[in-house]
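Enquirer: when you get a sec, could you give me coordinates for this:
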Amino acid sequence: MRAVWSGAITFGLVNVPVKAYSATTDHDVSLHQVHDKDGGRIRYERHCEVCGEKVDYKHIDKAYEAGEKTVVLSNEELDSFPASEDSEIEVVQFVPADQVDPMMFERSYYLEPEGKSPKSYLLLRQTLEDSDRMAIVTFSMRHKTRLGALRVHGKVLVLQGLLWADELRTVDFKGTKSRAKIGDKELELAAALVKQFESDFTPEDFTDDYQVELRKLIDAKLEAGESVDTDATFGKESEEEAADDDNVVDLMSALKASLDRKKKA
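Expert: Prediction:
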């Protein structure tokens, strides 16, 4: 693992030196674009619309359109922000863990203690664990000021990125104001269906079916060449299963059919 950030957690006068590592990885099969006619690789180049020259990244600045005016911001100007130089994860609050809405969660980072003695790191970890609280923090990463939460995951501290409050959209659609009435029988069947699906959450039991099937298709084409029968590769839904789905026409029928299918399974 390669550290993506280094600095220190600060709360009061306590300083906890840490390194941050991305806690997640992308498992998607890597694909690139090709011309369907001859399989040639599609390349993208950056050209200036004024002079027509090809432009390297080091010569690219950012700009903001303000009506008819354009404000150009150089990388040096963006790097001059005080926040961009901040290497602290500053604790601003300790809050009950259940007060942080999961909708606010972004990317997660494992935090590794730095220095000869990890005592301050262990102290903060144990304090959060014993109090069942999260530490709300502010920090800077990749030229952005960010909001986050420190929480305990096993034996390590995790920095959980959070959205800012104004980045959460307000619900604005009619479905939430429906006057539809739910009957007792429907509630009873729904509760029975929930009961059948009750279990402890085990993430390892789930797989990304799309990526599995994508890999299956790639392997089939590597073995058989370009002409592959996708129906034979993936199998087709039986006519009986398709008919069962088509016959579900209302909520009660859907609940009953779901219960029956779960029992058969």
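
Enquirer: looking at this structure, which helix is longest?
Expert: helix 209-224 (DSSP state H).

Enquirer: tell me which other helices or strands it touches.
Expert: Helix 209-224 sits against helix 230-234, with contacts defined as 3 or more Cβ pairs under 8 Å, 6 or more residues apart in numbering; DSSP states H and E. Backbone N, C-alpha and C define where each C-beta goes, glycine included.

Enquirer: quick one: low-confidence residue ranges for the stretch 1-150 of the chain.
Expert: Counting by pLDDT under 70, the stretch 1-150 of the chain shows low-confidence ranges at 83-86.

Enquirer: okay, helices next: where are they in it?
Expert: 75-79, 119-131 (DSSP state H, counting those that start in this stretch).

Enquirer: stretch 123-130: how far from the chain's middle?
Expert: 26 Å (Cα atoms, centre = their mean, to the nearest Å).

Enquirer: buried sites along that stretch?
Expert: Leu124, Arg125, Leu128 (16 or more other Cβ atoms under 10 Å).

Enquirer: can I get those in CSV with distance to Thr170?
Expert: As requested, these are exported to CSV (distance: Cβ to Cβ, whole Å):
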residue, distance to Thr170
Leu124, 35
Arg125, 36
Leu128, 31
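
Enquirer: only the buried residues of stretch 44-59, if you could.
Expert: So, applying 16+ other Cβ under 10 Å, stretch 44-59 has no buried residues.

Enquirer: got it, and stretch 220-230?
Expert: Ala220.

Enquirer: before we move on, the earlier item: nearest to Lys256, of the helices of the stretch 1-150 of the chain?
Expert: Ranking these by proximity to Lys256 (Cβ to Cβ) places helix 119-131 first, at 45.7 Å.

Enquirer: from the contact counts, what lies against that closest one?
Expert: Using 3+ Cβ pairs under 8 Å, 6+ apart: helix 119-131 touches strand 14-22, strand 105-113, strand 133-141, strand 144-153, strand 156-162.

Enquirer: just put the ones you listed in TSV and tack on mean neighbour count.
Expert: What follows is the helices and strands packed on helix 119-131, written out as TSV (neighbours: other Cβ atoms under 10 Å):
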stretch	mean neighbour count
strand 14-22	18
strand 105-113	18
strand 133-141	20
strand 144-153	18
strand 156-162	20
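
Enquirer: which of those sits closest to Ala220?
Expert: Nearest of those (Cβ to Cβ): strand 14-22, 32.8 Å.

Enquirer: then the closest one to CSV, C-alphas only?
Expert: Below are the C-alpha coordinates for strand 14-22, written out as CSV (Å, rounded to 0.1, in the frame of the first residue of the first chain):
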residue,chain,number,x,y,z
VAL,A,14,-2.7,16.5,21.5
ASN,A,15,-0.9,15.7,18.2
VAL,A,16,-1.2,12.3,16.5
PRO,A,17,1.2,11.9,13.5
VAL,A,18,-0.4,9.6,10.8
LYS,A,19,-0.2,8.4,7.2
ALA,A,20,-3.4,7.9,5.2
TYR,A,21,-3.9,4.9,2.8
SER,A,22,-6.9,4.5,0.5
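
Enquirer: check which helices and strands that strand sits against.
Expert: Checking 3+ Cβ pairs under 8 Å, 6+ apart, strand 14-22 ends up next to strand 5-11, strand 105-113, helix 119-131.

Enquirer: can you list the strands that the first one pairs with?
Expert: Read that as strand 5-11. strand 14-22 (antiparallel), strand 88-96 (parallel) (DSSP bridges).

Enquirer: could you dump the ones you listed to CSV with distance to Arg215?
Expert: Shown next, in CSV, are those (distance: least, Cβ to Cβ, whole Å):
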stretch, distance to Arg215
strand 14-22, 23
strand 88-96, 38
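
Enquirer: of all those strands, which lies closest to Glu204?
Expert: Across these, closest to Glu204 is strand 14-22 (Cβ to Cβ), at 20.1 Å.

Enquirer: and the closest one with strand 105-113, angle?
Expert: 120 degrees (axes from the mean of the first three to the mean of the last three Cα atoms, to 10 degrees).

Enquirer: now strand 14-22 and strand 133-141, what's the angle there?
Expert: 70 degrees.

Enquirer: now tell me what touches strand 14-22 from outside.
Expert: Residues outside strand 14-22 that contact it (Cβ atoms under 8 Å, 6 or more residues apart in numbering) are 1-10, 89, 107-115, 120-121, 123-124, 141, 157, 159.
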